[in-house]
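J.: Provide a 3D model corresponding to the input given below.
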Amino acid sequence: MTQWAEFSTRNRIKLLRGSMTQEQLADASGLSVGTVRKAEQGGNLGIASLLRLASGLGTDVSVILGQQAPRRAMERDERAAVRHMSAAVHDSALGIADVEPGTLPELRAAVRRADAAFWAGEYIELGTVLGSLLPQARASYDHADGADKEKAAGVLADSYLTAGMAANLLGARDLGYSAITYGRQVADQAGDALRAAHLMAAHSWVCLRDGHTAKAVRLASMAADRVEPRMSDTDPDRLSVYGQLVTNAAVAASRGGASPDTAREYLSQAHAVAARLGREHARGGHGQPYGPVYATTQALSVAIALGETGKAARLIDSTRLDSPALPLATHARWKLDVALTRTETRQWDTAAAELSEVCEMAPRWVRHQALPGVIVGRLADVSVTKVRNLARAAGVPLGPR
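T.: Just a heads-up that it's a prediction; the model follows:
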């Protein structure tokens, strides 16, 4: 199988263009058709033209030049959503969007809609919502004063939080880091320590998916120390954020960010705070709900990472993930972990059934996950024919075996 770096630059551009015509690419990138044609004939382009071409293709210059491969899961409409979201994030951070400020009730409703779209895997809708929400939220923040300034800051910071999590999932790590940093700056300026800590939880998760596990542990634990609830504290928002932070630290530690004992220690704290909550709760109704059920889903992830297959199997057998408070993405991730555990115990049919259900329930989400490739690879060692349709549904290539 030809590796991405082995293609010529002109062929990489053609492959990325896909079904787009040269005219459509020229229009999307703001270049002339002649410049696009020159690039596909092997001509050299300046950096400005390369940047525009990359934008039109919904990718990075490094992908065009073969320095990194394109994400297999990214479809054209999702690339467009990322471009739309990227422009909104950076323009709103710079304060250069020329829009009228939205009212706080309207903006709060849009924040809820964006959050729901993210957790449901509706990334095209999410890009559309954030594209208008972020500039309007920034305009509202700039025009507000007094108590309204603090409220507008909360809306803007939460909008950046959703954008950062979405960019992370869709593989746009730099955009994820930027959005979360902008959100933290707004929260810090407003003196909103809890919201800033929530953004730090997202920052640690981006680091985890980016392979910086030690940094993910450090960021999560540092933020957790700042908002650790007192024993008498019953504020569900604080408990939820703190629980998310220590859980992130546990997961990152289990994947090499710290020792196994450290992972278990953080996980113990996660279970303790989940018990204090007694139910699933999201800070301000925003983001991943945290509570006893979610803590159990992450305990499974930690057990798998630490190679504790027996413990993972017992967790699966003793847990019913039927909480309506948990979003689709959390249910889907649990099923992927279940499928992976079943491959460890050589329960091939059960593993295939779980993965098939994930592909049906969250078709867009599953294509942005790494685990389906691992699961399909293990199943293919048993029967290539059996998993061919699964591989197609999960967006996983079945290379020569």
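
J.: for G291, which non-adjacent residue is closest in space?
T.: E280 (3.7 Å; Cβ to Cβ, 6 or more residues apart in numbering). All C-beta atoms are positioned from the backbone trio N, CA, C, and that covers glycine.

J.: now the helices for the stretch 151-300 of the chain?
T.: Along the stretch 151-300 of the chain, counting by DSSP state H, counting those that start in this stretch, helices occupy 173-189, 193-209, 213-227, 236-252, 260-277, 292-305.

J.: wait, the residue nearest to G291 sits on L326?
T.: Yes. E280 lies in contact with L326 (Cβ atoms under 8 Å); the separation is 6.3 Å.

J.: between the two, which contacts overlap?
T.: Common neighbours of E280 and L326, using Cβ atoms under 8 Å, 6 or more residues apart in numbering, are P289, V293, Y294.

J.: neighbour-wise, give me the winner out of the residues you listed.
T.: Ranked by neighbour count (other Cβ atoms under 10 Å), those have Y294 at the top, with 28 neighbours.

J.: what's near enough to touch it?
T.: Contacts of Y294 (Cβ under 8 Å, 6+ apart): T247, A274, E280, Q288, L326, T330.

J.: same check on V129?
T.: Shown in contact with V129 (Cβ under 8 Å, 6+ apart): A110, R113, A114, A117.

J.: what helix or strand is it located in?
T.: helix 123-143 (DSSP states H and E).

J.: so how far is that helix off the chain centroid?
T.: Here helix 123-143 is found 18 Å from its chain centre; the criterion is Cα atoms, centre = their mean, to the nearest Å.

J.: how many residues are close by I96?
T.: Residues lying near I96 (other Cβ under 10 Å) number 10.

J.: that one in helix, strand or coil?
T.: Per DSSP: H, G, I helix; E, B strand; the rest coil, the secondary structure class of I96 is coil.

J.: phi first, then psi, for it.
T.: Note on I96: its backbone torsions stand at phi -110, psi 0 [degrees, to the nearest 10].

J.: tell me the pLDDT of P236.
T.: According to the prediction, P236 has pLDDT 97.

J.: ignore what I typed, I meant P70.
T.: P70 is given a pLDDT of 66.

J.: avg pLDDT for the helix holding V129?
T.: Mean predicted lDDT for helix 123-143 stands at 95.

J.: could you check the angle that helix makes with helix 173-189?
T.: For helix 123-143 against helix 173-189, the angle by axes from the mean of the first three to the mean of the last three Cα atoms, to 10 degrees is 30 degrees.

J.: what residues sit buried inside helix 123-143?
T.: For helix 123-143, burial by neighbour count (16 or more other Cβ atoms under 10 Å) applies to 123, 125-131, 133-141.

J.: can I get the CA coordinates of it in PDB?
T.: The C-alpha coordinates for helix 123-143 follow below in PDB (Å, rounded to 0.1, in the frame of the first residue of the first chain):
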ATOM      1  CA  TYR A 123     -20.600  18.100  13.500                       C
ATOM      2  CA  ILE A 124     -21.900  19.800  10.400                       C
ATOM      3  CA  GLU A 125     -24.600  21.500  12.400                       C
ATOM      4  CA  LEU A 126     -22.100  22.300  15.100                       C
ATOM      5  CA  GLY A 127     -19.900  24.100  12.700                       C
ATOM      6  CA  THR A 128     -22.800  26.200  11.500                       C
ATOM      7  CA  VAL A 129     -24.000  27.100  15.000                       C
ATOM      8  CA  LEU A 130     -20.500  28.000  16.200                       C
ATOM      9  CA  GLY A 131     -19.800  30.000  13.100                       C
ATOM     10  CA  SER A 132     -22.500  32.500  14.100                       C
ATOM     11  CA  LEU A 133     -22.500  32.000  17.900                       C
ATOM     12  CA  LEU A 134     -18.800  32.900  18.500                       C
ATOM     13  CA  PRO A 135     -18.800  36.300  16.700                       C
ATOM     14  CA  GLN A 136     -22.100  37.300  18.300                       C
ATOM     15  CA  ALA A 137     -21.000  36.100  21.800                       C
ATOM     16  CA  ARG A 138     -17.800  38.200  21.400                       C
ATOM     17  CA  ALA A 139     -19.800  41.200  20.300                       C
ATOM     18  CA  SER A 140     -22.100  40.800  23.300                       C
ATOM     19  CA  TYR A 141     -19.100  40.500  25.600                       C
ATOM     20  CA  ASP A 142     -17.400  43.600  24.200                       C
ATOM     21  CA  HIS A 143     -20.600  45.700  24.500                       C
END
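
J.: name the residue closest to the centre of this protein, please.
T.: Central residue check for the chain by Cα atoms, centre = their mean: the C-alpha nearest the mean position is that of L169, 2.5 Å away.

J.: now that one. Nearest residue, chain neighbours left out?
T.: Closest to L169 by Cβ to Cβ, 6+ apart is H368, at 5.3 Å.

J.: report pLDDT for the one you found.
T.: Reading off the model, H368 has pLDDT 86.

J.: equivalent analysis for A274, please.
T.: Per-residue pLDDT puts A274 at 97.

J.: thought it was touching Q298?
T.: No. If you go by Cβ under 8 Å, A274 and Q298 don't touch, sitting 9.6 Å apart.

J.: ok, T296 - contacts?
T.: L315, T319.

J.: so what's it scoring on pLDDT?
T.: As predicted, T296 sits at a pLDDT of 96.

J.: start the count at 10, not 1, going forward
T.: Sure, I'll start numbering at 10, so the last one becomes T305.

J.: now it: how far from P114?
T.: To P114, T305 is 36 Å away according to Cβ to Cβ, to the nearest Å.

J.: part of a strand, is D358?
T.: No. Counting by three-state DSSP, D358 is not found in a strand; it is helix.

J.: which secondary element of the protein has the worst mean pLDDT?
T.: Lowest on mean pLDDT, DSSP states H and E among the helices and strands of the chain sits helix 393-403, with a mean of 72.

J.: what about that one, distance to the chain center?
T.: In this view, helix 393-403 has its centroid 25 Å away from the chain centroid, taken as Cα atoms, centre = their mean.
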